[in-house]
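>>> Predicted model follows, preceded by the sequence.
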Amino acid sequence: MHAIQENWELIKETIKREYELSNVVYATWIKNLKFHSVEDHVVTISIASDQSHILEYIIRKYKDFFQVTICEMMNDFYEINFILENVANENSEEPAENTSSEKIDLYRQANLATKYTFDNFVVGSNNNFAQSACLAVAESPGEVFNPLFIYGGSGLGKTHLMHSIGHYILDHNPNMKVLYVNSETFTNEVIESIRSGNSSSMNKLRDKYRTVDVLLIDDIQFIIGKESTQEEFFHTFNTLYNNGKAIIISSDKHPKQMETLDERFSSRFQMGLPADIQPPNYETRVAILLKIAEPYNKTGSISNEIIEYIATNIKSNIRELEGAFNKLIAFAKINNKPITMELAEEALKDMIYPDKPKLITPTIIIQVVAEHYGVNAQDITSKKRNAEFVLPRQVVMYLCRELTDISLTNIGKILDRKDHTTVLHGVNKIEEQLATNSELAQHIEIIKKKIIPN
Ligand code: ADP
Ligand code: MG
């Protein structure tokens, strides 16, 4: 037996320790990697999966770890190679091919939307913790991280991950009873069965939710404060949990941050693993857009410049990123024009510059300046000549001149000054000082930023 094979477990454990891998990362990606062979200083590692993206992911992320660790331990140079061990082919009892219509049936019974899978979920630093936790749960439902509590802002991929878990489980264990439900739907079903007033409909509801192997309940924040729904969910949760069934919950916030959440829920939700999703950074936004653009790139093509333009300007969440992309495609189609940078700017102007049409008015300027200098807006427009009001007043004059098209005379009127030369004097005064007074320049920059965010 080769020394590498002999020390295989030790190698993996060393990697975990040296690179400080969390338990979930180790369990999801490393633990199941098997030593395959070593020949001519090439170590081949096999991974049992029927999904090539997992292989790609592991190579990209962990190959170097293996190489460094093995070379160090063996005190010799080795190349690392990975192969996919096709689990489906190895198992002769596996049905040849699950026909897609059967699969679609399974998905439908589980309330799953086919488009959300792990395959088309882009992993970045903002979501890799949640993604690996979801994958681990999908691989071992009920055995790890139970309940899994996914939380994060709107449009960041919670629902996508929940559906992905459902798909993954059904693809690997078609006999498992998986059920996805949004908590609003759950609430409506509870209300409906209470309203119907007969016990058989309540029993049916209980039967539906308490006999599943995997319950995915989305946007749990919507059941807070709804007494009977909460009660029903509480018992559903306990029944499933006590029977070792998998529960996956999503919410917009961490249980501790959900202020009106009952303590009995809060503690239960934290028993397993709370996993957060953060907004994506620039690189992840680009990667997601490239993924979204894939189908379109088969026919037309969208330049990197446009992808970068969208990723730079749309930051808040992925739903908006997708929305912007779809809007661009639709806009090009409707106008029967090729997708150019110019077209992108035109198509997305409402999304990218939603503030642009907002007019900058003297009122806004006065307000912001007053706030900045800690004086009352009325004092700025008054005749008072106290030094504390004179400077803000002159700044207002200057900014009105710079940021609006209003004439000196009209600026004078707004400031209750009859003579436009007073305004001109104020504007000049600030301009003169700006050349030498860097503190004033800084203040004016800050004020401008407050008036025109971004
Ligand atoms: P949430 O449930 O957190 O509000 P969704 O799961 O509905 O967000 O995500 C919004 C949209 O963004 C969906 O169309 C989803 O497919 C897409 N999306 C979110 N995260 C990703 C990702 N990491 N990779 C690819 N698409 C994503
Ligand atoms: Mg959602």
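Thanks, I have the structure now. Ligands and ions are numbered 1, 2, ... in the order given.

>>> and the residue in the stretch 151-300 of the chain positioned nearest to ligand 2, what does it touch?
Closest residue of the stretch 151-300 of the chain to ligand 2, Cβ to the ion: Thr159 (3.2 Å). Every C-beta, even on glycine, is put in place using the N, C-alpha and C of the backbone. Counting by Cβ atoms under 8 Å, 6 or more residues apart in numbering, Thr159 touches 116, 218, 250.

>>> Of all the residues in the helix or strand in which it is found, which ones are buried?
Using DSSP states H and E, Thr159 falls within helix 158-172. Buried positions in helix 158-172, judged by neighbour count with 16 or more other Cβ atoms under 10 Å: 158-171.

>>> Next: stretch 278-298.
Within stretch 278-298, the residues that count as buried by 16+ other Cβ under 10 Å are 279-280, 284-289, 292-293, 296.

>>> now swap in stretch 126-139 and tell me
126-127, 129-139.

>>> from those residues, which single one is nearest Ser46?
Nearest to Ser46, judged by Cβ to Cβ, of those is Glu139 at 16.9 Å.

>>> Please verify my assumption that the closest one contacts Thr28.
Yes. Distance between Glu139 and Thr28: 7.2 Å, which falls inside the contact criterion (Cβ atoms under 8 Å).

>>> Show me which of the contacts of Thr159 is closest to Val43.
Tyr116 (36.2 Å).

>>> Contact residues of the protein facing ligand 2?
Contacts of the chain with ligand 2, taken as Cβ under 5 Å from the ion, map to 158-159.

>>> hmm, 6 Å instead?
Contacts of the chain with ligand 2, taken as Cβ under 6 Å from the ion, map to 158-159, 218-219.

>>> still on that earlier bit, output the buried residues of stretch 126-139 as a markdown table; include the columns pLDDT and distance to Phe269.
As requested, the buried residues of stretch 126-139 are exported to a markdown table (pLDDT from 0 to 100; distance: Cβ to Cβ, whole Å):
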| residue | pLDDT | distance to Phe269 |
| --- | --- | --- |
| Asn126 | 94 | 22 |
| Asn127 | 96 | 19 |
| Phe129 | 94 | 17 |
| Ala130 | 96 | 15 |
| Gln131 | 96 | 20 |
| Ser132 | 95 | 20 |
| Ala133 | 95 | 14 |
| Cys134 | 97 | 16 |
| Leu135 | 96 | 20 |
| Ala136 | 95 | 18 |
| Val137 | 96 | 15 |
| Ala138 | 96 | 19 |
| Glu139 | 94 | 22 |
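
>>> Can you pick out the most distant pair from those?
Asn126 and Glu139 (22.1 Å).

>>> picking that back up, what would the residues of the chain next to ligand 2 look like in JSON lines with pLDDT?
Formatted as JSON lines, the residues of the chain next to ligand 2 follow (pLDDT from 0 to 100):
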{"residue": "Lys158", "pLDDT": "97"}
{"residue": "Thr159", "pLDDT": "96"}
{"residue": "Asp218", "pLDDT": "97"}
{"residue": "Asp219", "pLDDT": "95"}
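
>>> so which of these comes closest to Leu440?
Lys158 (47.7 Å).

>>> any idea how far Arg268 is from the closest one?
19 Å (Cβ to Cβ, to the nearest Å).

>>> Repeat that for Arg60.
To Arg268, Arg60 is 37 Å away according to Cβ to Cβ.

>>> So for the two, which residue has more residues nearby?
A direct count of neighbours by other Cβ atoms under 10 Å for Arg60 and Arg268 places Arg268 higher, at 19 against 9.

>>> how about the helix or strand hosting that one: buried residues?
According to DSSP H and E, Arg268 maps onto helix 263-269. For helix 263-269, a neighbour-count test (16+ other Cβ under 10 Å) marks 265, 268-269 as buried.

>>> now, which of those residues sits nearest ligand 1?
Taking Cβ to the nearest ligand atom as the measure, ligand 1 lies nearest Phe269 of these, at 16.9 Å.

>>> Quick check: that closest one touching Phe149?
Yes. Counting by Cβ under 8 Å, Phe269 does reach Phe149; the two are 5.0 Å apart.

>>> what's around the residue of the stretch 101-250 of the chain found nearest ligand 1, how many residues?
Here the stretch 101-250 of the chain gets closest to ligand 1 at one residue, Gly157, 2.7 Å apart by Cβ to the nearest ligand atom. Per other Cβ under 10 Å, the neighbour tally for Gly157 reads 27.

>>> and it, what pLDDT?
pLDDT recorded at Gly157 is 96.

>>> before we move on, what about the one 5 residues further on?
Each residue has a pLDDT score; the one for Met162 is 97.

>>> Give me the spatial nearest neighbour of it, chain neighbours excluded.
Excluding its sequence neighbours, the residue lying closest to Met162 (Cβ to Cβ, 6 or more residues apart in numbering) is Leu216, at 4.6 Å.

>>> Residues contacting the helix or strand that contains that neighbour, please?
Assigned by DSSP H and E, Leu216 belongs to strand 214-218. The contact list for strand 214-218 (Cβ under 8 Å, 6+ apart) reads 141-142, 158-159, 162-163, 165-166, 169, 176-183, 186, 209, 233, 236, 240, 245-250.

>>> With stretch 293-313 instead?
282, 285-286, 289-290, 321, 324-325, 328-329, 338-341, 344-345, 348, 351-352.

>>> For that stretch, list every residue counted as buried.
293, 296, 302, 306-307, 309-311, 313.

>>> how close does the residue of the stretch 101-250 of the chain closest to ligand 1 get to Asn128?
11 Å.

>>> for this protein, which spans come out with low pLDDT?
50-53, 86-99, 299-300, 354-359, 453-454 (pLDDT under 70).

>>> all strands of it, in order?
For the chain, the strands defined by DSSP state E cover 34-39, 42-48, 79-85, 148-152, 178-182, 214-218, 246-251, 273-277.

>>> Please convert those strands to CSV, extending it with mean neighbour count.
Listed next are the strands of the chain as CSV, based on neighbours: other Cβ atoms under 10 Å:
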stretch, mean neighbour count
strand 34-39, 15
strand 42-48, 18
strand 79-85, 16
strand 148-152, 25
strand 178-182, 21
strand 214-218, 24
strand 246-251, 26
strand 273-277, 21
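
>>> Mind putting these into a markdown table with distance to ligand 1?
Output for the strands of the chain, formatted as a markdown table (distance: least, Cβ to the nearest ligand atom, whole Å):
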| stretch | distance to ligand 1 |
| --- | --- |
| strand 34-39 | 29 |
| strand 42-48 | 22 |
| strand 79-85 | 23 |
| strand 148-152 | 6 |
| strand 178-182 | 10 |
| strand 214-218 | 7 |
| strand 246-251 | 7 |
| strand 273-277 | 7 |
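
>>> Dump those strands into a markdown table; add distance to Val190 as well.
Output for those, formatted as a markdown table (distance: least, Cβ to Cβ, whole Å):
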| stretch | distance to Val190 |
| --- | --- |
| strand 34-39 | 47 |
| strand 42-48 | 42 |
| strand 79-85 | 45 |
| strand 148-152 | 21 |
| strand 178-182 | 11 |
| strand 214-218 | 12 |
| strand 246-251 | 17 |
| strand 273-277 | 25 |
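
>>> Can you say which of these is nearest to Leu424?
Closest of the strands of the chain to Leu424 is strand 148-152, at 53.6 Å (criterion: Cβ to Cβ).
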